[in-house]
Each structure stands twice: as C-alpha cells, then as structure tokens.
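Q: just to be clear, the model below is a prediction. Sequence and coordinates:
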Amino acid sequence: MHGTSRSAINRTSTWLAASSAALVLGMGLTGCGAVDDWDKATADAWAVTYQVTVSGENADALSDVSYLDSPSRGEDSAEVTEDSVATTSDAGKKDGSSWTAESVITAEKDAAIAATPAEGSTATCRILLDGVKEIAAQTGKPGERVECAVTTPAFGEK
C-alpha cells in the first residue's frame with residue numbers, strides 16, 4: 001500500500017459501510033411512507049349524500065347539525081359541525097323541506113349524520129351511496145334530534 005495505512009483503510013471502510021446502511025435505512029423508511037401515501041390515494045371511497053328532510057310548521061331550518069367526512073381519500077372520517085343550516089322547500093310538498101351535504105367516505109369507514117328540527121317539526125335522516133342507494137335511515141320524534149350512522153360497505157358489496 002503506497003502511503004496509506006491499514007487503519008486508515010479500515011476507518012474509511014467502516015465509514016462507507018455505516019453511511020451506506022444509513023442511506024438504505026432512510027430510503028426504506030421513505031419508501032414505507034410513500035407506500036402508505038399511495039395506498040391512501042388509491043383507496044376505495046364512496047360518494048356519500050347526507051339528507052335530512054323536515055316536515056311540520058317550522059321546517060325552514062335545522063340546528064346542531066353534525067356529519068362525518070373524510071379529509072381526503074383513504075383517511076378516517078372526521079366530524080363536521082354546523083350550529084344551524086337552512087333547508088330548501090321540497091317541490092310538491094306543502095310543509096316539507098330538506099337539507100343535503102355531499103361527502104367522500106373511504107370504503108369500510110363510518111358515515112353518520114345528526115340534526116335537530118325546530119319544535120313541532122319532525123326530521124328524517126338518510127345516508128345514500130352515490131346519491132342513490134340508501135344505506136341508513138331514521139325518523140325522529142317531533143322536535144327531537146335524529147341520527148343515522150353506518151359503516152360504509154367494501155366495494156363490490158354495494
């Protein structure tokens with residue numbers, strides 16, 4: 001060996017081995033995160049419609065409204081709350097109105113809606129997949145809170 005000591009070569013070899021191991025470990029950890037991000041981005045998700053219909057004398061608003069929505073595809077559902085929402089009159093119904101919200105819910109995750117009608121009014125909640133297939137429905141008593149909750153099905157189980 002021309003002017004290079006054996007201990008210097010060993011130190012260099014050790015440093016290269018440690019650096020390589022750290023690089024491989026870092027790439028592996030980044031890879032796991034990338035795989036997790038990919039899985040979430042490509043997760044099956046449903047277009048969910050939450051609907052609350054109100055009948056009675058005071059059918060123009062709902063209070064204490066809450067529903068679940070996924071912040072992004074593949075994420076668990078998170079609660080969204082509204083103190084009060086206005087309803088829209090239903091064509092053909094003299095004393096009925098409704099409120100809807102569109103959401104995205106990852107397949108096999110929870111979907112839920114709850115709302116309180118005005119005193120003397122009755123509310124019915126529904127949860128629909130793709131705006132069509134009803135997967136939950138409930139009618140409350142006059143003036144009382146109504147709640148619908150369900151776990152969305154896996155794709156193919158529609």
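A: Yep, that arrived.
Q: how is the protein divided into domains?
A: Annotated domains of the chain cover 1-42, 45-151 [automatic domain parsing].
Q: out of the ones you listed, point me to the one whose mean pLDDT is lowest.
A: The minimum mean pLDDT among those belongs to domain 1-42 (a mean of 57).
Q: now residue 71. Nearest residue, chain neighbours left out?
A: Counting by C-beta to C-beta, 6 or more residues apart in numbering, residue 78 is the residue found nearest to residue 71 once chain neighbours are left out, at 5.7 Å. For glycine as for every other residue, the C-beta is placed from the backbone atoms N, C-alpha and C.
Q: measure residue 76 to residue 105 for me?
A: For residue 76, the distance to residue 105 equals 10 Å [C-beta to C-beta, to the nearest Å].
Q: for these two, list the residues in contact with both.
A: Common neighbours of residue 76 and residue 105 (criterion: C-beta atoms under 8 Å, 6 or more residues apart in numbering): residue 70.
Q: between those two, which one's more packed in?
A: Legend: neighbour count by other C-beta atoms under 10 Å for residue 76 and residue 105, higher for residue 105 (27 against 11).
Q: can I assume that one sits in a helix?
A: No - counting by DSSP: H, G, I helix; E, B strand; the rest coil, residue 105 falls outside a helix, being strand.
Q: so who does it touch?
A: Residue 105 makes contacts with 45, 46, 48, 68, 69, 70, 77, 111, 152, as judged by C-beta under 8 Å, 6+ apart.
Q: the last one: what's it in contact with?
A: Counting by C-beta under 8 Å, 6+ apart, residue 152 makes contact with 46, 48, 105, 106, 107, 108, 109, 110, 111, 129, 135.
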